[in-house]
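Asks: model the following, please.
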Amino acid sequence: MNKTKSLFLPIVLTAFLLAGCKGAVITREEAISRAAEIEEHYESADFEAPTKFTATQHIKSAFFDVQADITMVETLDLEGKYYYMSGEGTAGEESESSKMWIYYQASENKTYMVIDENGTKGHQYVEGDLFLDSIDLDGTAIANLYSDIGLSDLLSSLVEEDERNVYRSSGEGSIYLKVFTGETDANAFSEIEIANYLIVRVYAYVDDSTEMEMNIKYSGISTSKPNLANYPLVS
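Replies: Predicted coordinates for the structure are as follows:
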């Protein structure tokens, strides 16, 4: 009996974890219905895209036989009046990196902009709370993601069902899709994960030289600020 329990419990636990991460397996028809429900929620008048998140993007692509690799991190905490963006990229033998912080320091009543461009550092500030005037909310990584996610378009574009396709859902507002599109490569696929109406992952594999990935988290956001002593004041 004890041996039976020792074998049975890991199996149950594994099944629970698999279902809990991305939900239970559903049919394509159920996925189409769930996708429509989620998109309808995004299109509703009272829906507002999140204003607190960290989005990490990775893009790999080939341009004229030169392989480019770009990683970007963007954090926004609108209520906390904090914005951060960093980027690192390589193209052939060339490389670039940058970091930028914009934040309102309430204790000083100043809005700061701090920049690090390939190791060249500096900061500026203005008196008062000009945080909203200093950032471009329409230009963030997720500004148009929710309106342009295209779940239904992705599913309707599948001419033939591929046995490798995966459809999962843990209930209302949640869906996980991994569908093979076969557009330019037999192994080309798109992957989207949405949990409680929050988009947490978007991934597209085109071929060995081209892929795009975005992972987004909405809690546990770091809002650390730079040590201004390391960033000279720029007049």
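Asks: from here on, just use CA atoms for contacts and neighbour counts.
Replies: Will do.
Asks: flag the shaky bits of this structure, pLDDT-wise.
Replies: Judged by pLDDT under 70, the chain has its weakly predicted residues at 1-21.
Asks: could you pull out the strands in it for me?
Replies: Counting by DSSP state E, one finds strands in the chain at the ranges 24-25, 52-63, 66-77, 82-91, 94-105, 110-117, 120-127, 166-169, 175-180, 189-195, 198-207, 210-217.
Asks: so how far is the last one from its chain's centroid?
Replies: The reference is to strand 210-217. Distance of strand 210-217 from the chain centroid (C-alpha atoms, centre = their mean, to the nearest Å) equals 6 Å.
Asks: what strands flank it, and is each parallel or antiparallel?
Replies: Counting by DSSP bridges, the strands paired with strand 210-217 are strand 52-63 (antiparallel), strand 198-207 (antiparallel).
Asks: make a markdown table from these and add mean neighbour count and distance to Ile102 to it.
Replies: Converted to a markdown table, the strands paired with strand 210-217 look like this (neighbours: other C-alpha atoms under 10 Å; distance: least, C-alpha to C-alpha, whole Å):
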| stretch | mean neighbour count | distance to Ile102 |
| --- | --- | --- |
| strand 52-63 | 19 | 14 |
| strand 198-207 | 19 | 24 |
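Asks: how about the ones you listed, which one is nearest Lys110?
Replies: Among the strands paired with strand 210-217, the nearest to Lys110 by C-alpha to C-alpha is strand 52-63 (21.2 Å).
Asks: okay, angle between that closest one and strand 82-91 too, please.
Replies: Between strand 52-63 and strand 82-91, the angle comes out at 10 degrees (axes from the mean of the first three to the mean of the last three C-alpha atoms, to 10 degrees).
Asks: quick one: distance of strand 52-63 to the chain centre.
Replies: 8 Å.
Asks: what residues does it touch?
Replies: With C-alpha atoms under 8 Å, 6 or more residues apart in numbering as the contact definition, strand 52-63 has outside contacts at 67-79, 141-142, 209-219, 221.
Asks: distance check, Ile26 against Phe64.
Replies: Note on Ile26: its distance to Phe64, by C-alpha to C-alpha, to the nearest Å, is 42 Å.
Asks: picking up where we left off before, distance to Leu137 for the strands paired with strand 210-217 - can I get that in TSV?
Replies: TSV is the format used below for these (distance: least, C-alpha to C-alpha, whole Å):
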stretch	distance to Leu137
strand 52-63	12
strand 198-207	18
